[in-house]
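Peer 1: just coords:
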């Protein structure tokens, strides 16, 4: 019984750390900005920036909402960029959205 409790506790802790950002909280995430239309092949009228965040084997896509920070950053279209994004996460229509307050392009080392 004791082993079962420890196993369940280990699974619960793993789920908490592997889960994507929780809706409503302000987060800073690092990843790659790609285009939902051009790179992901979604049927959209225009380009849509998406932050692709890898956490081990899992990948989470955060659609960047139309904020001043996203407008200043511009559309990436066919060119992916490594970035750090700070903003508030929400969920709408089964998609994670990130209302960015700051987007910083990361410099590649090498």
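Peer 2: It's in. None of the values given here were measured: they were computed from a predicted structure.
Peer 1: and the gap between residue 66 and residue 97?
Peer 2: Residue 66 is 10 Å from residue 97, where distance means CB to CB, to the nearest Å. The way it works is simple: take the backbone N, C-alpha and C, and place the C-beta from them, glycine included.
Peer 1: who's more crowded, the two?
Peer 2: Between residue 66 and residue 97, counting by other CB atoms under 10 Å, residue 97 is the more crowded of the two (18 against 10).
Peer 1: ok, the more buried one touching residue 89?
Peer 2: Yes. Between residue 97 and residue 89 a contact is recorded at 7.1 Å, counting by CB atoms under 8 Å.
Peer 1: Tell me the residues that contact both of those two, please.
Peer 2: Common contact partners of residue 97 and residue 89 (CB atoms under 8 Å, 6 or more residues apart in numbering): residue 62.
Peer 1: Let me know how buried residue 53 is, in neighbour terms.
Peer 2: 20.
Peer 1: Tell me where the chain has strands.
Peer 2: Secondary structure of the chain, counting by DSSP state E: strands at 26-35, 49-55, 58-64, 81-92, 95-105.
Peer 1: Out of those, which is closest to residue 74?
Peer 2: Proximity to residue 74, assessed across the strands of the chain by CB to CB, is greatest for strand 49-55 (8.5 Å).
Peer 1: and that closest one, what's its mean pLDDT?
Peer 2: On average, the pLDDT along strand 49-55 is 96.
Peer 1: tell me what it is packed against?
Peer 2: Other helices and strands packing on strand 49-55, by 3 or more CB pairs under 8 Å, 6 or more residues apart in numbering; DSSP states H and E, are strand 26-35, strand 58-64.
Peer 1: ok, back up a step: kindly present the strands of the chain as TSV, with separate columns for distance to residue 72.
Peer 2: As requested, the strands of the chain are arranged in TSV below (distance: least, CB to CB, whole Å):
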stretch	distance to residue 72
strand 26-35	13
strand 49-55	12
strand 58-64	12
strand 81-92	12
strand 95-105	8
